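# got a sequence here, can you build the structure:
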Amino acid sequence: MTSATSPIILKWDPKSLEIRTLTVERLLEPLVTQVTTLVNTSNKGPSGKKKGRSKKAHVLAASVEQATQNFLDKGEQIAKESQDLKEELVAAVEDVRKQGETMRIASSEFADDPCSSVKRGTMVRAARALLSAVTRLLILADMADVMRLLSHLKIVEEALEAVKNATNEQDLANRFKEFGKEMVKLNYVAARRQQELKDPHCRDEMAAARGALKKNATMLYTASQAFLRHPDVAATRANRDYVFKQVQEAIAGISNAAQATSPTDEAKGHTGIGELAAALNEFDTGRKEKGDPLNIAIDKMTKKTRDLRRQLRKAVMDHISDSFLETNVPLLVLIEAAKSGNEKEVKEYAQVFREHANKLVEVANLACSISNNEEGVKLVRMAATQIDSLCPQVINAALTLAARPQSKVAQDNMDVFKDQWEKQVRVLTEAVDDITSVDDFLSVSENHILEDVNKCVIALQEGDVDTLDRTAGAIRGRAARVIHIINAEMENYEAGVYTEKVLEATKLLSETVMPRFAEQVEVAIEALSANVPQPFEENEFIDASRLVYDGVRDIRKAVLMIRTPEELEDDSDFEQEDYDVRSRTSVQTEDDQLIAGQSARAIMAQLPQEEKAKIAEQVEIFHQEKSKLDAEVAKWDDSGNDIIVLAKQMCMIMMEMTDFTRGKGPLKNTSDVINAAKKIAEAGSRMDKLARAVADQLDSATSLIQAAKNLMNAVVLTVKASYVASTKYQKVYGTAAVNSPVVSWKMKAPEKKPLVKREKPEEFQTRVRRGSQKKHISPVQALSEFKAMDSF
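From the prediction side, this is the model:
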């Protein structure tokens with residue numbers, strides 16, 4: 001046990017002027033500013049103006065003197081309260097007072113004679129000495145805070161040792177209560193120190209140590225209690241020793257972070273981007289500009305490297321998708337075996353659990369190897385280290401429970417380690433998700449779900465209940481993980497149309513599709529498990545399975561809506577071989593163009609460059625038309641508008657058919673293309689019916705417009721005839737006309753216009769104008785062309 005009278009060793013050189021906290025910086029800033037201003041004023045040199053006293057220099061000197069006095073007052077107070085560094089603090093205060101007096105005299109003399117270079121030099125030297133003395137005082141005060149923290153750490157270490165030496169459960173409860181009180185005090189002091197630290201590495205180390213201390217405190221009590229209750233079980237001692245070691249390491253971590261003596265991340269192996277990612281990055285950046293042939297070769301090699309990256313990401317994501325699925329199953333099986341008291345089974349399942357933990361760590365390190373996210377890699381490796389060290393202790397807790405299955409203490413100890421394991425696995429899972437691409441995850445998950453759906457259908461047709469149940473559980477787990485990850489991803493985006501579409505797709509999968517799939521699985525398992533096989537709708541099960549795949553695929557499409565063409569190009573390379581869900585009685589039309597086991601889509605991808613260029617030209621025209629369609633459709637809300645919905649569906653199908661011509665996309669063979677064409681035809685028929693229904697309602701309006709135009713033409717002809725008749729009448733009868741004209745025909749005077757047209761400012765700045773475009777005249781505008789003549 002640590003002696004209460006042993007001195008606290010501070011790993012910090014008092015002579016060092018290294019500033020480690022933000023508080024010291026903030027306190028020094030005003031004095032540094034004032035002294036710097038005073039020194040800069042002295043460096044301006046002689047002025048051309050009339051010589052005299054500098055009022056500003058006197059003001060600055062007084063402000064420096066006042067700031068120095070404030071430091072002296074605070075320093076004396078800290079020196080009185082400090083026990084460990086009292087002598088050093090008193091000496092530092094006296095040094096500040098001495099240097100402050102020297103600075104006061106030098107600045108006053110300089111203010112009286114600002115043109116003297118000797119007095120200016122004396123003041124600059126005094127200013128430097130004063131800043132050094134004040135900095136040393138503040139650093140000593142900072143050391144006093146660290147000493148106070150170390151004192152708390154020492155008390156906690158003593159309380160921990162007392163807990164370890166408890167002889168019975170009542171003694172343990174009392175000592176652990178005291179340990180908890182000291183822990184609260186230590187956490188408060190450590191949190192304050194963490195906020196003040198300048199070095200981000202030290203802040204992270206302090207936070208990690210505080211978290212580890214808090215995490216292991218609960219396990220400390222249950223592990224110690226289990227050891228006192230069952231000292232004859234070796235696993236209880238292993239549990240207790242592990243937790244004590246973790247707490248001691250956390251205390252040491254707080255001490256090292258407070259004194260800036262923590263081992264670096266490089267020493268721990270937690271820092272840096274992935275080794276494989278770093279190697280590929282170095283390969284990419286190591287190229288040098290050469291001639292054209294070499295540039296072409298480099299471009300080809302770059303493409304191959306990019307393909308290699310994608311394949312590596314895909315391979316790692318395959319491992320992640322499988323390993324981080326139902327991560328709690330091995331643990332639950334282990335606990336159930338322990339509760340039954342079967343130590344032989346516990347040892348067997350312990351091996352499975354250990355392999356599962358090793359797989360999690362291995363896959364996490366694989367994910368790190370291809371990631372460029374340095375901070376993310378650090379978190380993953382730290383979490384993996386925790387998983388690796390916690391795994392044996394979970395097994396020890398299970399062995400303790402298996403040896404004493406009726407013990408409440410053993411059960412509580414198992415529950416604590418179970419909760420800790422699940423929390424740590426969640427931390428590792430989230431950390432791995434942060435360094436992997438959501439697009440890659442969705443692509444791989446979609447393919448895995450399609451595989452599992454096919455396995456489910458085959459198991460259903462073969463009557464294999466176990467495979468059906470296990471595979472259906474995997475589908476539910478994968479779908480739940482997709483929903484969880486995408487919902488978490490959408491929290492990183494501002495709410496809008498994009499997030500609404502994605503969340504609608506996840507909601508449909510979770511609330512509609514998955515319950516139906518679970519219901520069909522349950523019905524199928526009950527029918528197959530009955531003594532007498534019961535009839536059930538196989539096609540209903542197939543439809544429910546297909547909806548699961550379609551739901552995940554729709555989520556992926558919604559997520560990819562805002563991706564760039566380059567990102568979509570990369571994503572399409574993840575498409576795998578063809579899968580199909582079919583019933584036993586369904587007929588599949590094979591493609592006549594299959595060559596050496598290749599699909600038609602693969603054949604399209606292998607077309608000559610000339611053919612690909614022609615297809616690309618047509619595809620470019622298609623994309624232009626698609627952009628026009630998107631611009632028009634985006635104006636309208638598709639809710640309650642079947643025409644817009646059909647337009648979007650037809651556009652999506654045509655995009656898939658276009659991708660097929662490039663050897664990509666979901667369509668695999670010509671039969672898929674034919675089915676897609678049928679869907680377009682069906683959607684086109686529905687749109688034709690809707691458009692005709694709209695047109696039928698507009699016949700009267702069309703007739704009205706035509707009648708109005710005819711009427712206006714008749715009016716124009718009448719006006720022309722009246723004008724001719726009136727003028728003719730006057731010519732025939734001349735001045736002897738008995739009656740005056742019914743109307744008077746006079747030419748309207750033209751409107752006045754300026755001789756020089758003045759340009760508007762906005763027109764002057766925007767000289768480039770649009771070219772003339774063909775105008776579409778609406779019926780209302782056509783009617784407005786005809787206006788009554790005022791002269792009637």
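# looks like Trp443 contacts Arg556 (just checking).
Quick fix: residue 443 reads Ser, not Trp. Yes: counting by CB atoms under 8 Å, Ser443 does reach Arg556; the two are 6.9 Å apart. All C-beta spots, glycine's among them, are computed from the backbone N, C-alpha and C.
# host element of His356?
helix 343-369 (DSSP states H and E).
# buried ones in that helix?
343, 345-346, 349-350, 353-354, 356-357, 359-361, 363-364, 366-369 (16 or more other CB atoms under 10 Å).
# please apply the same query to stretch 425-443.
425, 427-429, 431-436, 438-443.
# just the ones in strands from those, please.
Among the buried residues of stretch 425-443, DSSP state E puts none in strands.
# now for the strand or helix carrying Asp241, which elements pack on it?
Asp241 is part of helix 234-258 when elements are defined by DSSP H and E. On a contact count with 3 or more CB pairs under 8 Å, 6 or more residues apart in numbering; DSSP states H and E, helix 234-258 meets helix 117-164, helix 169-196, helix 200-229, helix 374-403, helix 408-434.
# helices and strands of the chain: which one has the lowest mean pLDDT?
Using mean pLDDT, DSSP states H and E, the weakest-scoring helix or strand in the chain turns out to be helix 761-765, at a mean of 42.
# what distance do you get for Thr499 to Pro293?
Applying CB to CB, to the nearest Å, the value for Thr499 to Pro293 is 49 Å.
# more neighbours, these two?
Thr499 (16 against 8; other CB atoms under 10 Å).
# so what touches the one helix or strand the more buried one maps to?
Using DSSP H and E, Thr499 sits in helix 497-508. Here helix 497-508 makes contact (CB atoms under 8 Å, 6 or more residues apart in numbering) with 482-483, 486-487, 490, 493, 551, 554-555, 558-559, 561-562.
# domain map for this structure?
When the chain is parsed with automatic domain parsing, its domains come out as 22-43+54-147, 165-263, 298-436, 465-586, 613-720.
# relative to Val156, which of these is closest?
Smallest distance to Val156 across these (CB to CB): 4.9 Å, for domain 165-263.
# for stretch 112-123, measure first residue to last.
Stretch 112-123 has an end-to-end distance of 12 Å (criterion: CA to CA, to the nearest Å).
# so which bits of it are buried?
Counting neighbours by 16+ other CB under 10 Å, stretch 112-123 gives Pro114, Lys119, Arg120, Thr122, Met123 as buried.
# how about the second one: what's its closest non-neighbour residue?
Here the nearest residue to Lys119 in space, its sequence neighbours aside, is Phe110; by CB to CB, 6 or more residues apart in numbering that works out to 4.6 Å.
# close enough to count as contact, the one you found and Thr122?
Yes: under the criterion of CB under 8 Å, Phe110 makes contact with Thr122 at 7.5 Å.
# what's the most buried one of the helices and strands packed on helix 234-258?
Most buried of these, by mean neighbour count (mean count of other CB atoms under 10 Å): helix 374-403, with a mean of 22.
# that helix packs against which elements?
By 3+ CB pairs under 8 Å, 6+ apart, helix 374-403 packs against helix 200-229, helix 234-258, helix 329-339, helix 343-369, helix 408-434.
# let's go with 7 Å and repeat that
Under the contact criterion of 3 or more CB pairs under 7 Å, 6 or more residues apart in numbering; DSSP states H and E, helix 374-403 touches helix 234-258, helix 329-339, helix 343-369, helix 408-434.
# elements contacting the last one?
Contacts defined by 3+ CB pairs under 7 Å, 6+ apart place helix 408-434 against helix 200-229, helix 329-339, helix 343-369, helix 374-403.
# go with 8 Å
For helix 408-434, the packing partners by 3+ CB pairs under 8 Å, 6+ apart are helix 200-229, helix 234-258, helix 329-339, helix 343-369, helix 374-403.
# put together TSV for the ones you listed, with mean pLDDT on each row.
Compiled in TSV, those are given as follows (pLDDT from 0 to 100):
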stretch	mean pLDDT
helix 200-229	87
helix 234-258	89
helix 329-339	91
helix 343-369	90
helix 374-403	90
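# and these: which comes nearest Val416?
Nearest to Val416, of these and by CB to CB, is helix 200-229 at 4.6 Å.
# the closest one to helix 169-196, inter-axis angle?
180 degrees (axes from the mean of the first three to the mean of the last three CA atoms, to 10 degrees).
# which helices and strands sit right next to helix 200-229?
So helix 200-229, by 3+ CB pairs under 8 Å, 6+ apart, packs with helix 117-164, helix 169-196, helix 234-258, helix 374-403, helix 408-434.
# adding distance to Lys507, write those out as TSV.
Listed next are the helices and strands packed on helix 200-229 as TSV, based on distance: least, CB to CB, whole Å:
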stretch	distance to Lys507
helix 117-164	49
helix 169-196	40
helix 234-258	42
helix 374-403	29
helix 408-434	21
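# out of these, nearest to Met657?
That would be helix 408-434 among these, by CB to CB, at 34.3 Å.
# quick check: angle from the helix holding His356 to helix 329-339?
Using the same axes, to 10 degrees, helix 343-369 lies at 160 degrees relative to helix 329-339.
# what is helix 343-369 packed up against?
Using 3+ CB pairs under 8 Å, 6+ apart, helix 343-369 sits against helix 275-285, helix 292-323, helix 329-339, helix 374-403, helix 408-434.
# mind exporting stretch 387-404 as CSV, just the C-alpha atoms?
What follows is stretch 387-404 as a C-alpha-only set of coordinates in CSV (Å, rounded to 0.1, in the frame of the first residue of the first chain):
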residue,chain,number,x,y,z
ILE,A,387,-11.9,-6.1,-27.2
ASP,A,388,-8.8,-8.2,-27.3
SER,A,389,-8.1,-7.6,-23.6
LEU,A,390,-11.7,-8.0,-22.5
CYS,A,391,-12.4,-11.3,-24.2
PRO,A,392,-10.5,-13.6,-21.7
GLN,A,393,-12.2,-11.8,-18.8
VAL,A,394,-15.7,-12.5,-20.2
ILE,A,395,-14.7,-16.1,-20.5
ASN,A,396,-13.5,-16.1,-16.9
ALA,A,397,-16.8,-14.6,-15.8
ALA,A,398,-18.6,-17.4,-17.7
LEU,A,399,-16.4,-20.0,-16.1
THR,A,400,-17.2,-18.6,-12.6
LEU,A,401,-20.9,-18.7,-13.3
ALA,A,402,-20.6,-22.3,-14.6
ALA,A,403,-18.8,-23.3,-11.4
ARG,A,404,-21.4,-21.6,-9.2
